[in-house]
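Peer 1: Predicted model follows, preceded by the sequence.
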Amino acid sequence: QVQLVESGGGLVQAGGSLRLSCAASGPRSIYTMGWFRQAPGKEREFVATITRRGGSTDYSDSVKGRFTISRDNAKNTVYLQMNSLKPGDTAVYYCAARLSLTDYSTLRRPNDYNKWGQGTQVTVSS
């Protein structure tokens, strides 16, 4: 069974950077992956997604130009490089997988994904 484990969260000052990692374990396959975040009292929101071979990415408007999603399929790991962080980026960040061998380029809804990690906290201080 596929398991997703996020790491790399922490406390950073506004304007700083963090890189989140999502390591997949279990039966090795390559899936469309996404990053979401959830702040206290808010719904889980889409951040970014990447196709199976990394040929296409998509971002929410709120992070476009600041965040970059990438993947290393040899390491079974997906990354989220976050630059120019703002206090509004504070949230628990989750990685997610669509367990399908079909490639998807625009999976933006939580229900589009069927495997989730446990989340990692990102806190941006002003």
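Peer 2: On my side now, so go ahead. Numbering: from 1, shown residues only.
Peer 1: which residues touch the spatially most central residue of the chain?
Peer 2: The chain has residue 35 as the residue nearest its centroid, 2.2 Å off, counting by C-alpha atoms, centre = their mean. By C-beta atoms under 8 Å, 6 or more residues apart in numbering, the residues touching residue 35 are 20, 22, 47, 48, 49, 69, 78, 80, 93, 94, 95, 96. To be clear about C-beta, it is placed using only N, CA and C from the backbone, and glycine gets the same treatment.
Peer 1: Likewise for residue 77?
Peer 2: 21, 22, 23, 24, 71.
Peer 1: Check the fourth one and give its pLDDT.
Peer 2: To tie it back to what came earlier, the one meant is residue 24. pLDDT recorded at residue 24 is 93.
Peer 1: for it, which residues make a bridge with it?
Peer 2: residue 4 (DSSP bridges).
Peer 1: Quick check: it touching residue 3?
Peer 2: Yes: the criterion here is C-beta atoms under 8 Å, and residue 24 meets it with residue 3 at 7.1 Å.
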